[in-house]
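Chemist: Got a predicted structure plus its sequence, pasted below:
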Amino acid sequence: MNTQTGGIQQLLQAEKKAREKIEEARKGKQRRLKQAKQEAAAEIEAFKLEREREFKAHEARTLGSRTDSEKLVQEETRQRLSELSGSVRQNKEQAIRRLLTLLFDVQPRLHENFSRGKM
């Protein structure tokens, strides 16, 4: 019986060693997964930073040209307003005289729909 007990003890020890190896393998797998996640997060962050830098550079180029366009439009608008103000100053008196002439030059007459015979 002693050999049977020794054989059982050997089997139990072998089973215990197998469990330990399996547990060690699981822990190793978890460490590798954790490390892979950390590396992936670092790569993602580096990629995000690079894309952000590229976007900022593109935005600066685009906004730079937009700013130039805005300045050009503002200058053209200012120039056009200046021209219109000058035109108003030149023609103001003439326009007022014309309006007053039309306003005070009233010529009374009957409307064409009014018939004299119906009164």
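Modeler: Okay, I see it.
Chemist: residue boundaries of the helices in this protein?
Modeler: 2-104 (DSSP state H).
Chemist: Just want the most central residue of it.
Modeler: A centroid search over the chain (Cα atoms, centre = their mean) returns E59, at 10.9 Å, as the residue closest to the centre.
Chemist: Please tell me how far that residue sits from S69.
Modeler: E59 sits at a distance of 15 Å from S69 (criterion: Cβ to Cβ, to the nearest Å). From N, CA and C alone the C-beta is placed, and that goes for glycine too.
Chemist: what does F114 give?
Modeler: 60 Å.
Chemist: Where does pLDDT dip in the chain?
Modeler: In the predicted model, the chain carries pLDDT under 70 at residues 1-2, 116-119.
Chemist: now stretch 44-61: how far from the chain's centre is it?
Modeler: 14 Å (Cα atoms, centre = their mean, to the nearest Å).
Chemist: Please apply the same query to stretch 79-95.
Modeler: On Cα atoms, centre = their mean, the centre of stretch 79-95 falls 42 Å from that of its chain.
Chemist: cool, and stretch 94-113?
Modeler: 58 Å.
Chemist: Just the CA atoms of it, as CSV, please.
Modeler: In CSV, the C-alpha atoms belonging to stretch 94-113 read as follows (Å, rounded to 0.1, in the frame of the first residue of the first chain):
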residue,chain,number,x,y,z
GLN,A,94,-29.1,117.8,-56.4
ALA,A,95,-31.2,114.8,-55.1
ILE,A,96,-32.8,116.9,-52.4
ARG,A,97,-33.7,119.7,-55.0
ARG,A,98,-35.2,117.1,-57.3
LEU,A,99,-37.3,115.5,-54.5
LEU,A,100,-38.6,119.0,-53.4
THR,A,101,-39.4,119.9,-57.0
LEU,A,102,-41.4,116.7,-57.5
LEU,A,103,-43.1,117.2,-54.1
PHE,A,104,-44.2,120.7,-54.6
ASP,A,105,-45.0,120.5,-58.4
VAL,A,106,-48.6,119.2,-57.9
GLN,A,107,-50.9,119.3,-60.8
PRO,A,108,-54.4,118.4,-59.8
ARG,A,109,-56.5,116.3,-62.2
LEU,A,110,-59.3,113.8,-62.0
HIS,A,111,-58.5,110.1,-61.9
GLU,A,112,-59.2,108.3,-65.2
ASN,A,113,-61.7,106.0,-63.4
